[in-house]
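Predicted model follows, preceded by the sequence.
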Amino acid sequence: MVFKCKMCDATLPVNPGERVITCEYCGSEQTLPGLGDERLLNLYDRASHYRRNNEFDKAQALYEQILEENPGDSEIYWSVILCKYGIEYVEEGRKRVPTVNRTQTDSIFDDIHYQSALKYATPEQSAVYEAEAKRIDEIQKDILAISRKEEPFDIFICYKESDEAGRRTLDSVLAADLYEILQKEGYKVFYARITLEDKFGEAYEPYIFAALQSSKVMIAVGTKPEHFEAVWVKNEWSRYLALIKNGATKTLIPAYKDMNPYDMPKEFAHLQAINMGELGFQQDLLTGIRKIFATWEESTKDASVNDESDAFVNVDGLLNRGFFSLEEKEWKLVGECFDKVLKQDKTDVRAYLGKLLVDLKVPGRNELENCPTPFDNNENYRKILMLGNEEMILFVNDALERSKAIATAALYEQTIRVYENTLFEDALLKCAEKFESFGDYKDSKVMAEKCRQRALEVVDKREYEKYQYYCSLTYEDDIEKLYAAIQFFKSVPGYRDADAKLEEFRAIYDKKYAREGGSFKAALKKNTERQRKMKASGDSSMEDMLDSFEKKATVIPYIAVGAAILIVVVMLVVMVASAYV
């Protein structure tokens, strides 16, 4: 299989199994697919041919077809990314650099195809993808920064300007006529021949992107099927249709002349087209557009923001109202204000800041740095990083660092309080883990060691108190309690004098219950028979009793020790009384 360079289209000499290669002609480092199937390789070659010729929709469809059969190839996911963002590599000196022809409002780093590319990539491929994604992200941020400064448009005229010989097309002339008519009607119209004439030498994408986002109507003009399908014409109307598919309130009107309407792109099949060759088409078009704007304005009225429509919304007024309402903590109203702004302009970073404040329940911009909740995973924060200028990004990042510091301090103090007040081993061990997670913060390492040491002391104290409780059962006549003590001493061989206590309690057991069998084993057998009868009669079993004593030994050791002391005191009183007698 012969692979072509993504940047310069040169043939690449590829060795079997090679996934990263440097083109010897343009010097560009690039990744390769790992497809082994000849049919899929041919499909990949066709898709890449379309992509290099900027036919991104066709290319993406083929790449996605490959993914259906082979979903584990990182290069195919990356190729979809190149189509999504309309990446075209152009010469800059001796290098080939990417240009973005299909700007997205979302960051490339959040794109699921980019994440899948990294998931299946080799370490060498990942390094290339990450470096290239960073370049694309920087380009997109520049585009968005320029587009935010552009005034919104009402209508976008999409058409082919020049034919293959470089001559002006009839489409361009018809578009110019429409531009004049619509401008006189008071609409702000994007017509590339005039709108972009003062942008000579600049990249057009920021201005095209801004116009596509803001225009409520697109008129796609064409006199030949191939003009509608021309790369940059299709790039515009397909992106506009994608906005509509994603929920934007927009209308696309195909306008044709001197051609069969059935020869227009199949994507237009569901749209109402207009024939520019018919008498009175201009009046029909204007009537339709007026209705669209009137209907759209009516449908987007919102009482919560003084019935302002998206088309003619006062963005600054909405933003001011939103931030003022933040101070009153009217969270619902605030959210509606900022959502309204974003319907008008999805790139307005001020609205994303407002939505971030709503998410965090922070009643003002200046209060963000005092927010106790870190917000680095918040979607609106990520939008600010992608769309904001340096000042805005610096502001939210400084606030985030302050927020993290506040959260860490609060969690540290909370952990200190738990450590100082708990008597439980598990809680102390969790405190130790939490202190260790703080790293070098204050004396966290020292506190973690203290927690673990104290947990050991708690265990030792609990075991000793249990031991004392069972030792105190020497004077018990209850066979179950004596049996429980014997079982306990058997379970802790080597602990203090537990071995001696075991023999002592067995001797007591044998002595007190010799009448029931003459030995420890006989007494135990008789008690087992007694337990069976108790169980048959519905009474609590010996095991239940022993469990109860075990719990008492754990939960109320101080009571047991107190009882033992009381017994000693009583014995001393009896002894003193006997002496007087």
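Cool, got the structure.

May I ask which helix or strand encompasses Gln90?
Heads up, residue 90 is Val, not Gln. Element membership of Val90, judged by DSSP states H and E, is strand 87-92.

which helices and strands does that strand pack with?
strand 95-100 (3 or more Cβ pairs under 8 Å, 6 or more residues apart in numbering; DSSP states H and E). For the C-beta atoms, the positions are set from N, CA and C on the backbone; glycine is no exception.

picking that back up, the inter-axis angle of the strand holding Val90 versus strand 95-100?
Using axes from the mean of the first three to the mean of the last three Cα atoms, to 10 degrees, the direction of strand 87-92 lies 140 degrees away from that of strand 95-100.

partner strands of strand 87-92, parallel or antiparallel?
Sheet partners assigned to strand 87-92 using DSSP bridges are listed as strand 95-100 (antiparallel).

pLDDT averaged over the partner strand - what is it?
Mean pLDDT, strand 95-100: 87.

what stretches of the stretch 151-300 of the chain score poorly on pLDDT?
201, 296-300 (pLDDT under 70).

can you give me the strands for the chain?
For the chain, the strands defined by DSSP state E cover 3-4, 11-12, 20-22, 29-31, 87-92, 95-100, 155-158, 189-190, 217-222, 251-256, 274-275.

burial count for Tyr114?
Tyr114 has 24 neighbours, counted by other Cβ atoms under 10 Å.

Now do it, the pLDDT please.
You'll see Tyr114 listed with a pLDDT of 93.

same deal with the one 10 residues further on?
As summarised for this prediction, Glu124 has a pLDDT of 93.

Nearest spatial neighbour of it, chain-adjacent residues omitted?
Excluding its sequence neighbours, the residue lying closest to Glu124 (Cβ to Cβ, 6 or more residues apart in numbering) is Val20, at 4.5 Å.

Isn't the one you found up against Val128?
Yes. With contact defined as Cβ atoms under 8 Å, Val20 and Val128 form a contacting pair (6.1 Å).

list residues touching both of those two?
Applying Cβ atoms under 8 Å, 6 or more residues apart in numbering, one finds that Val20 and Val128 are jointly contacted by Glu29, Gln30, Thr31.

separation between the second one and Pro98?
To tie it back to what came earlier, the one meant is Gln30. 11 Å (Cβ to Cβ, to the nearest Å).

These two: which is more packed in?
Per other Cβ under 10 Å, whichever of Gln30 and Pro98 has more neighbours is Gln30, with 21 against 18.

And stretch 482-491, what's buried?
Leu482, Tyr483, Ala484, Ala485, Ile486, Phe488, Phe489 (16 or more other Cβ atoms under 10 Å).

Now intersect those with the helices, please.
Those of these mapping onto helices are Leu482, Tyr483, Ala484, Ala485, Ile486, Phe488, Phe489, per DSSP state H.

From the structure, what's the count of residues near the residue nearest to Glu124?
Neighbour tally, Val20, other Cβ under 10 Å: 16.

pLDDT score for the closest residue to Lys434 other than its chain neighbours?
What sits nearest to Lys434 in space, not counting adjacent residues and going by Cβ to Cβ, 6+ apart, is Thr415, at 4.8 Å. Per-residue pLDDT puts Thr415 at 89.

Report the contact partners of Thr415.
Residues near Thr415 by Cβ under 8 Å, 6+ apart: Cys431, Lys434, Phe435, Met447.

how about a cut-off of 7 Å?
Cys431, Lys434, Phe435 (Cβ atoms under 7 Å, 6 or more residues apart in numbering).

List the residues that contact the last one.
Just to be clear, that refers to Phe435. Per Cβ under 7 Å, 6+ apart, neighbours of Phe435: Thr415, Ser444, Met447, Ala448, Cys451.

and if we set it to 8 Å?
Thr415, Ser444, Lys445, Met447, Ala448, Cys451.

ok, which pair from these is furthest apart?
Thr415 and Lys445 (13.1 Å; Cβ to Cβ).

Which residue comes closest to Asp106 once chain neighbours are left out?
Met386 (7.6 Å).

Look up the pLDDT of that neighbour for me, please.
For Met386, the model assigns a pLDDT of 84.

which residues touch it?
Contacts of Met386 by Cβ under 8 Å, 6+ apart are Asp106, Ser107, Asp137, Gln140, Lys141, Leu144.

Next: Tyr204.
So Tyr204 contacts Ala192, Leu196 (Cβ under 8 Å, 6+ apart).

same check, this time on Ile274
Counted by Cβ under 8 Å, 6+ apart, Ile274 has contacts Ile253, Pro254, Ala255, Tyr256, Phe281, Asp284, Leu285, Gly288.

Buried only: go through the residues you listed for me.
By 16+ other Cβ under 10 Å, the contacts of Ile274 give Ile253, Pro254, Ala255, Tyr256, Leu285 as buried.

does the second one really touch Tyr262, like I thought?
Same thing as Pro254. No. Counting by Cβ under 8 Å, Pro254 does not reach Tyr262; the two are 11.7 Å apart.

Now do Pro152: how many residues are near it, please.
Pro152: 18 neighbours (other Cβ under 10 Å).

Any chance of the backbone angles for it?
Note on Pro152: backbone dihedrals following degrees, to the nearest 10 are phi -70, psi 150.

which non-adjacent residue is nearest it?
Ser214 (3.6 Å).

now Arg239
Per Cβ to Cβ, 6+ apart, closest to Arg239 is Leu212, 5.8 Å.

what's near enough to touch that neighbour?
Phe156, Met218, Glu236, Arg239, Tyr240, Leu243.

Can you give me the buried ones in the helix of greatest length in the chain?
Determined from DSSP H, the single longest helix within the chain is helix 390-421. Buried residues in helix 390-421, counted by 16+ other Cβ under 10 Å: 392-393, 395-396, 399-400, 403-404, 406, 408, 412, 415, 419.

now it, how far from the chain's geometric center?
With Cα atoms, centre = their mean, to the nearest Å as the basis, helix 390-421 stands 21 Å off its chain's centre.

now Ala47, nearest residue through space, not along the chain?
Leu62 (3.6 Å).

Do I have it right that that neighbour meets Asn42?
No. Counting by Cβ under 8 Å, no contact exists between Leu62 and Asn42, whose distance comes to 10.3 Å.

If you count surrounding residues, which of the two has more?
With neighbours defined as other Cβ under 10 Å, Leu62 and Asn42 compare such that Leu62 has more, 21 against 12.

Tally up the residues packed near the closest residue to Leu170 other than its chain neighbours, please.
Nearest residue to Leu170, sequence neighbours excluded (Cβ to Cβ, 6+ apart): Thr223, at 5.0 Å. Residues lying near Thr223 (other Cβ under 10 Å) number 21.
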